[in-house]
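> Need coordinates for the below:
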Amino acid sequence: MKRILFVMYLFGMLFCSLAWADNENQQYLLSPGDMLEISVWNDESLYREVMIRPDGRISFPLIGDMVAAGKTVENVRIEMEESIDKYVPGTPVTVILNYISYPVVYIVGKVVNPGLYLMEKDTTVIQALAMAGGLNPFASRNNILIIRQNSKEQQMFNFRYTDVENGRSLERNIALKDGDTIVVP
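Numbering: from 1, shown residues only. Reported below is the predicted structural model:
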């Protein structure tokens, strides 16, 4: 019995260490709305707190505009250091992520707690509905709409709660994007 418990313990430790190693390889990619603190060593005039604009860019003295969205903090630091090195050779640059702007989803209609919800990781429709406390008894379970605003137009997706609940039409349980609205009539 002790041997079985010991083997189970070893497998558990192995699993946890593999999961931890996998998380180490996942790095946060910057997105619009994130706030960065940028400083150039020994030069107070080159200190700024900058927000990543909706176009994914930041502005900084000596560099001008540069793309930051979709990059890691370390990628931005290296790119800035290389750009500033042309003007001030050998000067280290520090980039700190001060604020993360999480993507949001809006859930309206006949759910227990309608409102705005932060998506701290990839979130599907069914997960978002769960965050809102689920459907209330008067909800039209099979007429749910997801509204997505693209740059030029709105898209609408139908969602049949009962189908997904019963393991059918799982492809309709889409991953939500920032700004999506779920309407539960």
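> Where do the helices of this protein begin and end?
Applying DSSP state H to the chain gives helices spanning 2-25, 73-84, 125-131, 161-165.
> Would you single out the least confident of those helices?
Lowest mean pLDDT of the helices of the chain: helix 2-25, a mean of 43.
> dump the residue contacts of G56.
By C-beta atoms under 8 Å, 6 or more residues apart in numbering, the contact list for G56 reads S31, P32, V67, A68, A69, G70. For every residue, glycine as well, the C-beta is placed using N, CA and C.
> which non-adjacent residue is nearest it?
Of all residues not flanking G56 in the chain, A69 sits nearest, at 3.1 Å (C-beta to C-beta, 6 or more residues apart in numbering).
> Was I right to think that neighbour contacts P32?
Yes: at 5.7 Å, A69 counts as touching P32 under the criterion of C-beta atoms under 8 Å.
> Give me the common contacts of the two.
Taking C-beta under 8 Å, 6+ apart as the criterion, A69 and P32 both touch I52, G56.
> about what we covered before: return the backbone torsion pair for the residue nearest to G56.
Note on A69: backbone dihedrals following degrees, to the nearest 10 are phi -60, psi 140.
> Tell me how many other residues crowd it.
The tally of other residues near A69 (other C-beta atoms under 10 Å) stands at 18.
> and it, how far is that from D43?
From A69 across to D43, the span is 26 Å (C-beta to C-beta, to the nearest Å).
> In the longest strand out of those in the chain, which residues are buried?
For the chain, the strand that runs over the most residues, judged by DSSP state E, is strand 43-51. The neighbour-count check on strand 43-51 (16 or more other C-beta atoms under 10 Å) flags L46, V50 as buried.
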